[in-house]
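Q: Structural data only, the sequence is not supplied:
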């Protein structure tokens, strides 16, 4: 009788522990997803694109669930399926972050490429007798997105009562580019001390142009090293594809055994690490 009571108490303790653990894991997952989705929504808002927190939450959740499901179908054996589900589940979780960062960097590059024309346009407007606010409005009318969107937000904030200096500082925070920081600091300094803004814009634009020329030369010189790095890193997946075409039995153990999944994971990690190191070695900051 005592044995049955002990077993019942042990089973009850296990159930209580599992329920409390599941509740704690569920709460942690909800907090993590909410933070992740809020970050995604804020990033899309800074890029002037529609993305609600609820929609971002669904995208992240479906990415993780899809990765886990595909890994369950792809793996062979318990351990192989666990490894496949882990890898693809992590890919589904971090995939949206990679995409958002890529979109963000592409937008910043576009703004960087438009900055010289914007500064020259503002300089010409100031020479023609426009005020700083009118020069900002001129950029909104004459330039194309994405930089016109950013200047449109500056103008809108000024119209809503925000100080011009504060609106420019917020613009610098939204667009963390070195050249934008230099331009904003120049405007803020000259507004306090006095000076010729149009000449300052011309000097900054000329400096950016010269630096871009140097960057173009360096990029052309380092293109060979980058192409060699890409070629070397593409050799392992190319060989895997060739052997799978010759005889699929040669590569089947990589996808049907736990050891194969481990070897593939190690190969992918080291391949990506080698490519990253190669890009770091050939990259020169100006």
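A: Noted; the coordinates are in hand. Since the model is a prediction, treat every value here as computed from it, not as a measurement.

Q: which residues of the stretch 51-200 of the chain score low on pLDDT?
A: The model of the stretch 51-200 of the chain has pLDDT under 70 over residues 75-77, 79-80.

Q: how about the helices in the stretch 1-150 of the chain?
A: Ranges of helices within the stretch 1-150 of the chain are 2-46, 53-74, 78-127, 132-142, 147-159, based on DSSP state H, counting those that start in this stretch.

Q: what pLDDT, on average, does the first one get?
A: The average pLDDT within helix 2-46 is 68.

Q: on that earlier part again, would you format the helices of the stretch 1-150 of the chain as CSV with distance to residue 234 and mean neighbour count included?
A: Quick note: C-beta positions are derived from backbone N, CA and C, even for glycine. As requested, those are exported to CSV (distance: least, Cβ to Cβ, whole Å; neighbours: other Cβ atoms under 10 Å):
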stretch, distance to residue 234, mean neighbour count
helix 2-46, 31, 12
helix 53-74, 23, 16
helix 78-127, 20, 17
helix 132-142, 43, 17
helix 147-159, 36, 18
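
Q: out of those, nearest to residue 235?
A: Closest to residue 235 of the helices of the stretch 1-150 of the chain, according to Cβ to Cβ: helix 78-127, at 21.7 Å.

Q: Residue 222 is nearest to which of the helices of the stretch 1-150 of the chain?
A: Among the helices of the stretch 1-150 of the chain, the nearest to residue 222 by Cβ to Cβ is helix 78-127 (17.5 Å).

Q: Roughly how far does the most centrally placed residue in the chain sit from residue 174?
A: For the chain, the residue sitting closest to the mean C-alpha position, by Cα atoms, centre = their mean, is residue 101 at 1.1 Å. From residue 101 across to residue 174, the span is 15 Å (Cβ to Cβ, to the nearest Å).

Q: Output the contacting helices and strands for the strand or helix carrying residue 188.
A: Using DSSP states H and E, residue 188 sits within helix 178-193. The contact analysis (3 or more Cβ pairs under 8 Å, 6 or more residues apart in numbering; DSSP states H and E) places helix 178-193 against helix 78-127, helix 164-174, helix 197-246.

Q: Could I get the buried residue list for it?
A: Within helix 178-193, the residues that count as buried by 16 or more other Cβ atoms under 10 Å are 179-180, 182-184, 186-187.

Q: Make JSON lines out of those and add distance to residue 67.
A: Listed next are the buried residues of helix 178-193 as JSON lines, based on distance: Cβ to Cβ, whole Å:
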{"residue": "179", "distance to residue 67": "39"}
{"residue": "180", "distance to residue 67": "37"}
{"residue": "182", "distance to residue 67": "43"}
{"residue": "183", "distance to residue 67": "43"}
{"residue": "184", "distance to residue 67": "42"}
{"residue": "186", "distance to residue 67": "48"}
{"residue": "187", "distance to residue 67": "47"}
